[in-house]
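1. Have a look at this fold, sequence not included:
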C-alpha cells in the first residue's frame, strides 16, 4: 500500500502541542522546515529521516527529535505506523529561566552510551500514547498532555545543549537563505522555475547558487523541485479522481518520461497503482484502531 494516512490523534491547541497518529503505506515528504520542534516515534515498519543532510533510519520502538527550523525530509518505502508530536518553540521557551531554548539533540544512532537508559525511558512514554488512544479514557486530553510534558522534561534535562550564536534559529544566514529557497519553490512549483530567476531573487549568480544548494541539501536544485512536484502530484492522485496527466500538467511537470521514472523511484509503483492501492487502504482506514499494536 502506498497511501499516507495522517490522522489527528490529539490536538492540544491550548498547550501548543499537537499529537498525531499516522499510518504510512509508502510516502515521501520533501525537504521542509517549521518553527515547531518535532518528535517522531515508530510503532512498526521503518522510516528514513534526513536531518541537516544526515540520514537516520528509525526502527520500531525508536524515536528522533527534529529541532526547531531544522530542514528535514522523510521517506517510508514500506508500510509503517507511528506517533508524531509537534511542540511550539515559544511554549518550551516559557519554561526556561532566560526564555531562551537550548538545542535538543536526541537521535538513537548517535546516542552516548550513558544516556541510553533515559532514551529508553522516553520510548516507554511514547508507548503509553497508543493504548490511551485505543481506550479513549474520559480525560484523554489531560493524560496525553501529561505524557508529552514528561517526555519534554527528560529531553530538556538530558539532551539539551547551548546553541552557538551562529546556530540560534533565525540568525544563521545559511538557514535563512535555504528557507527563502524552499518557500520560493513551494510558491512556484506549478510553473517553470529557472535557476537564473531563483538565484537572482537571492542576489546570487547561478553557479554559486547551485553549489550552495547542493552543499546544504545534498541534492541538486532541479531534483528538489521535481521532488516537491511529485509530493503534490501524489497527494492529488489520492485526493481526487482527476486524470493522471491533468494532475501532472498542473503541478509543473513537462517531461512525462522523467515524471514516471522519478515517481517509481520514490514511491515504488506507477501513479495508477498508487491510486488503486490508496483506494483499498482508505476502505480499511475507518477501522484503523483494530490494527494498532497492543
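-> Sure thing, it's come through. The structure presented is a predicted model; accordingly, all values stated were derived computationally and were not measured.
2. Which parts of the stretch 151-294 of the chain are strands?
-> If DSSP state E, counting those that start in this stretch is used as the criterion, the strands of the stretch 151-294 of the chain fall at 160-161.
3. Poorly predicted segments of it, please.
-> Under the criterion pLDDT under 70, the flagged ranges of the stretch 151-294 of the chain are 163-172, 281-294.
4. just the stretch 1-150 of the chain next, same as before
-> Scanning the stretch 1-150 of the chain with the threshold set as pLDDT under 70 gives 1-15, 24-26, 77-79, 98-101.
5. If we use 50, what do you get?
-> For the stretch 1-150 of the chain, applying pLDDT under 50 flags the ranges 1-10, 12.
6. Could I get the full set of helices for it?
-> 89-93, 116-135, 140-158 (DSSP state H, counting those that start in this stretch).
7. Switch these over to a markdown table; also include distance to residue 109 and mean neighbour count.
-> Any C-beta I mention is one placed from the backbone N, CA and C, and that applies to glycine too. What follows is the helices of the stretch 1-150 of the chain, written out as a markdown table (distance: least, Cβ to Cβ, whole Å; neighbours: other Cβ atoms under 10 Å):
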| stretch | distance to residue 109 | mean neighbour count |
| --- | --- | --- |
| helix 89-93 | 24 | 16 |
| helix 116-135 | 11 | 15 |
| helix 140-158 | 17 | 16 |
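8. Nearest approach to residue 75 belongs to which of those?
-> Each of those has some distance to residue 75 by Cβ to Cβ; the shortest is helix 116-135, at 21.1 Å.
9. ok, residue 272 touching residue 244?
-> Yes - under the criterion of Cβ atoms under 8 Å, residue 272 is in contact with residue 244, at a separation of 6.7 Å.
10. Comparing the two, which shows the higher neighbour count?
-> residue 244 (19 against 10; other Cβ atoms under 10 Å).
11. ok, the more buried one to residue 46 distance?
-> 29 Å (Cβ to Cβ, to the nearest Å).
12. Now find how far off-centre stretch 80-96 is within its chain.
-> Stretch 80-96 has its C-alpha centroid displaced from the chain centroid by 13 Å (Cα atoms, centre = their mean, to the nearest Å).
13. in it, what's buried?
-> By 16 or more other Cβ atoms under 10 Å, the buried positions in stretch 80-96 come out as 80-89, 92.
14. picking that back up, for residue 231, which of the helices of the stretch 1-150 of the chain is the nearest?
-> helix 89-93 (24.9 Å).
15. With distance to residue 214 as new columns, can the helices of the stretch 1-150 of the chain be given to me in CSV?
-> Shown next, in CSV, are the helices of the stretch 1-150 of the chain (distance: least, Cβ to Cβ, whole Å):
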stretch, distance to residue 214
helix 89-93, 29
helix 116-135, 33
helix 140-158, 32
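16. what's the closest of those helices to residue 27?
-> Distances from residue 27 to each of these were compared using Cβ to Cβ; the shortest belongs to helix 116-135, at 19.9 Å.
17. what's the spacing between residue 227 and residue 141?
-> Applying Cβ to Cβ, one obtains 36 Å for the distance of residue 227 from residue 141.
18. sorry, back to before: need the residues touching each of residue 272 and residue 244.
-> By the contact definition Cβ atoms under 8 Å, 6 or more residues apart in numbering, residue 272 and residue 244 are jointly contacted by no residue.
19. one step back: of all the helices of the stretch 1-150 of the chain, which one is nearest residue 232?
-> Of all the helices of the stretch 1-150 of the chain, the one in closest proximity to residue 232, counting by Cβ to Cβ, is helix 89-93 (27.2 Å).
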